[in-house]
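# Got a sequence here, can you build the structure:
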Amino acid sequence: MTVTGVIQAGGRSTRMGGAPKALMDVGGRRIIDRVVEVVGSVTDDLLLVTNAPELYADLGLPMVGDAFPDGGSLGGIYTGLRAARGEAIFTVACDMPFLSADLGRWLVGRAAEADVVIPETGGQLETLHACYDKRCLPAMEERLRAGRLKITGFFPDVRVLVIPEAEVARHGDPALVFMNVNTPDELARARALGAGAAAGGRGA
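Numbers count the residues shown, from 1 in each chain. Got it, this is the predicted structure:
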C-alpha cells in the first residue's frame, strides 16, 4: 500500500497570538522541519495542507489549500486525503515537535488493516496522528457538506482500528509523541524538553 504523509498546517494559531506555531524553534530547529523529517522518513511522499503556502515555500513540498475553508480539522484531513497520491495517508498536525519515527513507521505499516488506524491515549483518539484510507472520503464529504465537523463523526460508517495506549507506548512515549504546541506555555515546555534532549545528546 502506498501511503502519503500529510502535514496539517491550516490552523490560525490564535492561541499563539497569530504567529505560525509550525515556524517556532524547538531544540534549535523549526517545529515544521522536525515534523517533515519524521513523516518523510516513514511515508512514500509528502503533502502539506495550508492556506498560507508562502510561509512554507522553502520546504519545497507539494501544497494544497483547504477544500472546505471552514471545515476545521476534518476538512484538512479530507483535503489531504483527496489530494494524496497514495491509497491512504498518515496525517499529523504541524505543531508536534516530538514525533516518533518508530511509532509512525509501525502505524503506517498497519494502514492496510482498516479504513482508519488511530492511536488512543488518555481515553482520547489521536485524530491528527492517524492513518486514513481513501475509502473514508465519501463519509467525510457528507458530513462536511452538512456542517458536522467532529472528526470521529464519520467513524461509524467505516472500519476503524483503535490502537490501545499500551501498544502505542512500546514505540514511543505518548506524552511526548502526541504533544502539541498551541500556547506560549506549551512552547516554553517544548523548548525546555528540546534543550534537555540536545544537552543529553552532546553529553553522550
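
# residues touching the residue nearest to the spatial centre of the chain, list them.
The centroid of the chain falls nearest to Val92 when counting by C-alpha atoms, centre = their mean (0.6 Å). Val92 is in contact with Gly5, Val6, Ile7, Gln8, Val35, Val39, Leu99, Gly104, Leu128, His129, counting by C-beta atoms under 8 Å, 6 or more residues apart in numbering. (C-beta placed from N, C-alpha, C; glycine too.)

# Can I get the residues you listed in CSV including pLDDT, distance to Phe155 and neighbour count?
Listed next are the contacts of Val92 as CSV, based on pLDDT from 0 to 100; distance: C-beta to C-beta, whole Å; neighbours: other C-beta atoms under 10 Å:
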residue, pLDDT, distance to Phe155, neighbour count
Gly5, 98, 22, 27
Val6, 98, 18, 29
Ile7, 98, 22, 29
Gln8, 96, 18, 24
Val35, 97, 25, 25
Val39, 98, 23, 23
Leu99, 95, 23, 24
Gly104, 96, 21, 24
Leu128, 97, 15, 21
His129, 97, 16, 24
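
# Among those, which ones are in strands?
Taking DSSP state E as the definition of strands, those contribute Gly5, Val6, Ile7, Gln8, His129.

# Spatially nearest residue to the second one, not counting backbone neighbours?
Think Val6. Take Val6 and drop its neighbours on the chain: the residue closest to it by C-beta to C-beta, 6 or more residues apart in numbering is Gly80, 3.4 Å away.

# Same question for the fourth one.
Counting by C-beta to C-beta, 6+ apart, the nearest residue to Gln8 once its immediate chain neighbours are dropped is Gly76, at 4.6 Å.

# Checking the one you found next. Helix, strand or coil?
Under DSSP: H, G, I helix; E, B strand; the rest coil, Gly76 falls in the helix class.

# give me every residue that touches it.
Contact analysis of Gly76 by C-beta under 8 Å, 6+ apart lists Gln8, Gly10, Val49, Asp66, Thr91.

# if you set the cut-off to 7 Å instead, what comes out?
Contacts were defined as C-beta atoms under 7 Å, 6 or more residues apart in numbering; by that measure Gly76 touches Gln8, Gly10, Val49, Asp66.

# just curious, which of these is nearest to Asp25?
Gln8 (20.0 Å; C-beta to C-beta).
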